[in-house]
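Q: Give me a model of this one.
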Amino acid sequence: MPLSLPIFGRISRIVDTMGVEAYVIGGYVRDYYLGRRCTDIDVVVVGSGIEVARALAREVGTNVTVFKRFGTAMLHADGLEVEFVGARKESYSPDSRKPAVEEGTLRDDQLRRDFTINALAWSLNGTTFGQLVDPFGGMADLEACIIRTPCDPDVTFSDDPLRMMRAVRFATQLGFDIAPETFEAIERNRERIGIVSRERIITEINKMVASPVPSIGFDLMDRTGLLPLVFPELSRLKGVERRGVHAHKDNFVHTLMVLDNVARQSDNLWLRWAAILHDIGKPATKAYLPAVGWTFHGHEVVGARMVPEIFRRMKLPLNEHMKYVRKLVSLHLRPIILSEDAVTDSAVRRLLFEAGDDIDDLMTLCEADITSGDERKVKRYLKNFAIVRRKLREIEEKDRVRNFQPPVTGELIMATYGIPPGRVVGEIKEEIKEAILDGRIANDYDQAYAMMEELARQHGLTRKS
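A: Sure, this is the predicted structure:
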């Protein structure tokens, strides 16, 4: 029974006593039929949703949060978040996605929903309790795995352009197709996305990135024409250029393959963003050399520099997550280079030092970056990466260089020789760090201190008396 939770019985008694109609609507109903867990319940009341919410809050002994401006109220009970709203109909002006709202019927409220699968409703009233109200064929669309609007899709997307991103997001999350007429309406109305805030857009993109197969979303954005409008840097990766016998791979297609590879290994949203951005510097570094073909030298450096601006423009957080993504983009070629060459202890120490605690994520990204259609080549790379991983473990156990700080600090140098901060202090610290990473001395205080004394003599420093 879909309405077996005690909360539904309570609401039913309240609305019958008040003499109003009420319905569970939207995502909770949709997810019930899809077998997906959902703890957010939307209840539409033909009347005052706020009054029903207040009555329920009194009965269960909890607080209610009222948003009078929007005519909604929300409370928490039995581990659920329940939001109430009065049934309404909406009208939009061309330059805004904020509607004018007036009271309406259940059908009006269902008609304003973005997609038929989100317009499904269950009655909460006693005589019709649990009955499905589905005027727009939402159940048929659920069974057919189709995203479709309940009314004219041109009106739906022109009124609220964010719904175009939501169509792509639901198709990505659920593995559904977008109905042809709905898809074509997104193409026609794509320029309207310009009136939507970056914050709302990135919320939808992040839900796509977190989906089981995130490439679906970016492919749909590309095919509908939304991608160059909301993520131009990614769109610029598209295409293959040929000169004579030389052609480079389509870096957009490659990036989506890497993203899906990472998604199969990790739920880490920011590791997935590193996959999206790992080759973002390639268009700016593309060059053709007749002797070797197409090159993208330094694209990891250019890409890492692009990360902060992309995060800023797209309203992604400018915090440790951004720094993490920038680091992985900057380092993503290093394990590949190590896997092709003889793996020296010194090179492994430097990689461990620079990657720190993110070394395992970096290796996951690099293994995902192997998308060649040549199975022998893939096996060779993965075998070499296994060697690199083993060497990383051995060096870390022996030398403890992950996140290490040189045993001799600048403060110790200044105190020992009575000198102020300056170039000499930095040079001594850097020499000691390089000696440890090269393996010339151990990551050990006594050896580092002895080297400090030798370097100090070379600089003409004497101990402070």
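
Q: How about the secondary structure of the nearest residue to Phe218 once chain neighbours are set aside?
A: With sequence-adjacent residues excluded and distances taken as C-beta to C-beta, 6 or more residues apart in numbering, Phe218 is closest to Leu256, at 5.9 Å. Heads up, the C-betas are built off the backbone N, CA and C, glycines and all. Using DSSP: H, G, I helix; E, B strand; the rest coil, the structure places Leu256 in helix.

Q: which parts of stretch 245-254 are buried?
A: 248, 251-254 (16 or more other C-beta atoms under 10 Å).

Q: Please name the residues that touch the residue nearest to Phe218.
A: Applying C-beta atoms under 8 Å, 6 or more residues apart in numbering, we find Leu256 in contact with 215, 218-219.

Q: Check what pLDDT it gets.
A: Looking at Leu256, its pLDDT is 98.

Q: what about it, distance to Arg242?
A: Separation of Leu256 from Arg242 (C-beta to C-beta, to the nearest Å) stands at 21 Å.

Q: same thing with Asn125?
A: From Asn125 to Arg242 the distance is 66 Å (C-beta to C-beta).

Q: Over to Leu106?
A: Taking C-beta to C-beta, one finds Leu106 at 58 Å from Arg242.

Q: By residue count, tell me the biggest helix in the protein.
A: helix 375-399 (DSSP state H).

Q: is it true that Gly418 touches Ala456?
A: No. With contacts counted by C-beta atoms under 8 Å, Gly418 stays clear of Ala456, the gap being 11.2 Å.

Q: what sits against the residue nearest to Ala415 when sequence neighbours are not counted?
A: Excluding the flanking residues, the one nearest Ala415 by C-beta to C-beta, 6+ apart is Lys464, at 7.2 Å. When contacts are counted by C-beta under 8 Å, 6+ apart, Lys464 touches 415-418.

Q: cool, and Leu34?
A: 142, 174.

Q: who has more neighbours, Gly418 and Ala456?
A: A direct count of neighbours by other C-beta atoms under 10 Å for Gly418 and Ala456 places Ala456 higher, at 18 against 11.

Q: Against Arg423, how distant is that one?
A: Counting by C-beta to C-beta, the gap from Ala456 to Arg423 is 14 Å.

Q: about what we covered before: same drill for Leu106 and Arg242, tell me which one is more crowded.
A: Neighbours were counted for Leu106 and for Arg242 using other C-beta under 10 Å; Leu106 has more, 20 against 10.

Q: packing partners for the helix or strand that the longest helix of the chain is followed by?
A: Counting by DSSP states H and E, the next helix or strand C-terminal to helix 375-399 is helix 410-417. Judged by 3 or more C-beta pairs under 8 Å, 6 or more residues apart in numbering; DSSP states H and E, the packing partners of helix 410-417 are helix 423-438, helix 445-458.

Q: ok, so what distance separates the closest residue to Ala210 other than its chain neighbours from Asp361?
A: Of all residues not flanking Ala210 in the chain, Leu269 sits nearest, at 5.7 Å (C-beta to C-beta, 6+ apart). According to C-beta to C-beta, Leu269 stands 12 Å off from Asp361.

Q: same thing with Phe84?
A: 42 Å.

Q: These two - which one has more neighbours?
A: Phe84 (26 against 20).

Q: got any ranges where the stretch 201-350 of the chain has weak pLDDT?
A: Along the stretch 201-350 of the chain, the parts satisfying pLDDT under 70 run over 340-343.

Q: now the helices for it?
A: Counting by DSSP state H, counting those that start in this stretch, the stretch 201-350 of the chain has helices at residues 215-224, 227-230, 232-235, 251-265, 269-277, 282-285, 299-314, 320-331, 334-340, 345-355.

Q: Take those helices and lay them out in a markdown table including distance to Ile193.
A: Below are these laid out as a markdown table (distance: least, C-beta to C-beta, whole Å):
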| stretch | distance to Ile193 |
| --- | --- |
| helix 215-224 | 10 |
| helix 227-230 | 5 |
| helix 232-235 | 12 |
| helix 251-265 | 19 |
| helix 269-277 | 19 |
| helix 282-285 | 22 |
| helix 299-314 | 13 |
| helix 320-331 | 24 |
| helix 334-340 | 37 |
| helix 345-355 | 37 |
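
Q: Among those, which comes closest to Val24?
A: Nearest of the helices of the stretch 201-350 of the chain to Val24, taken as C-beta to C-beta: helix 215-224 at 28.0 Å.

Q: For Pro2, which of the helices and strands packed on helix 410-417 is the nearest?
A: Per C-beta to C-beta, nearest to Pro2 of the helices and strands packed on helix 410-417: helix 423-438, 61.9 Å.

Q: Remind me what the closest one packs against, helices and strands.
A: Helices and strands touching helix 423-438, by 3+ C-beta pairs under 8 Å, 6+ apart, are helix 345-355, helix 410-417, helix 445-458.

Q: tell me which residues in that helix are buried?
A: Applying 16+ other C-beta under 10 Å to helix 423-438 flags 424-425, 428-429, 431-433, 435-437 as buried.

Q: Stretch 302-313 too?
A: Neighbour count says stretch 302-313 has 302-304, 306-307, 310-311 buried, by 16+ other C-beta under 10 Å.

Q: Show the contacting residues for the closest residue to Asp40 other than its chain neighbours.
A: The shortest distance from Asp40 to any residue other than its chain neighbours is 5.0 Å, reached at Glu81 (C-beta to C-beta, 6+ apart). By C-beta under 8 Å, 6+ apart, the residues touching Glu81 are 39-41, 74-75.

Q: three-state assignment of Glu81?
A: strand.

Q: That one pairs with what?
A: Assessed by DSSP bridges, Glu81 has beta-bridge partners Asp40, His76.

Q: and Leu34, how far is that from Thr371?
A: Leu34 sits 31 Å away from Thr371 when distances are taken as C-beta to C-beta.

Q: how much space is there between the residue nearest to Ala210 and Tyr324?
A: 11 Å.

Q: These two: who's more crowded?
A: Each of Leu269 and Tyr324 has its neighbours counted (other C-beta under 10 Å); Tyr324 has more, 19 against 13.
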